[in-house]
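Enquirer: Prediction below, plus the sequence it came from.
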Amino acid sequence: MDLYADNILEHYRNPRNTGKLRNANITHEEKNWSCGDAITVHLQIENACIREMRWEGTGCAISQAAMSLLSERLEGMQTETAVAMKQEDICALLGIPIGPRRLQCALIGLHAVQNAIRTHQGIPLETLAETVKIKAE
């Protein structure tokens, strides 16, 4: 299976839900220091629901496509459901198996969203390494 499948390249070239969100009540940035990927998410959360979201980012096709695909799923989702998402959910969105070397790239967007929600709820954040380790179990 090709690492850069057509759906990944489509979302990388034409990402969905990018930009800033004026009415965001939480903005959060995460970086993958091992490769340079960076994602900033802007969420409007009301009544424990992601009402609207936008994102900005730089990085490889996997990180950008994963965030684009994830952004299409998040609007209208309960925050509890978003925090419970796992590695397998992102791999299913991407439609390809992700090897250990690319796992942090694939999960940085989900990690940013989950930490944004944690910030909004006032609970401790996780590092990307902790998230990947937990998600890989």
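Expert: The structure has been received and is ready for your questions.
Enquirer: going forward, measure contacts and count neighbours with C-alpha atoms only.
Expert: Noted.
Enquirer: Bridge partners for D37, pull those for me.
Expert: In this entry, D37 is beta-bridged to N32, by DSSP bridges.
Enquirer: And the pLDDT for it?
Expert: Looking at D37, its pLDDT stands at 96.
Enquirer: Surely it is in contact with I62?
Expert: No. Between D37 and I62 there is no contact under Cα atoms under 8 Å: 9.8 Å.
Enquirer: so what sits against both of those two?
Expert: Applying Cα atoms under 8 Å, 6 or more residues apart in numbering, one finds that D37 and I62 are jointly contacted by C105.
Enquirer: Neighbour count: those two, which is higher?
Expert: Each of D37 and I62 has its neighbours counted (other Cα atoms under 10 Å); I62 has more, 26 against 22.
Enquirer: what residues are up against the residue nearest the centre of the chain?
Expert: The centroid of the chain falls nearest to G109 when counting by Cα atoms, centre = their mean (2.0 Å). With contact set as Cα under 8 Å, 6+ apart, G109 has these partners: 39, 63, 66-67, 70.
Enquirer: Which of these has the largest number of neighbours?
Expert: Highest neighbour count within these: M67, with 35 neighbours (other Cα under 10 Å).
Enquirer: so what does the helix or strand hosting that one touch, helix or strand wise?
Expert: Assigned by DSSP states H and E, M67 falls within helix 61-74. Packing partners of helix 61-74 (3 or more Cα pairs under 8 Å, 6 or more residues apart in numbering; DSSP states H and E): helix 6-13, strand 49-58, helix 87-94, helix 103-121.
Enquirer: Can you check what angle separates it from helix 6-13?
Expert: Angle of helix 61-74 versus helix 6-13, following axes from the mean of the first three to the mean of the last three Cα atoms, to 10 degrees, is 90 degrees.
Enquirer: which residues are contacting the helix or strand following helix 61-74?
Expert: The element immediately downstream of helix 61-74 (helix or strand, assigned by DSSP H and E) is helix 79-83. For helix 79-83, contacts defined as Cα under 8 Å, 6+ apart pick out 48-50, 74, 113-114, 117.
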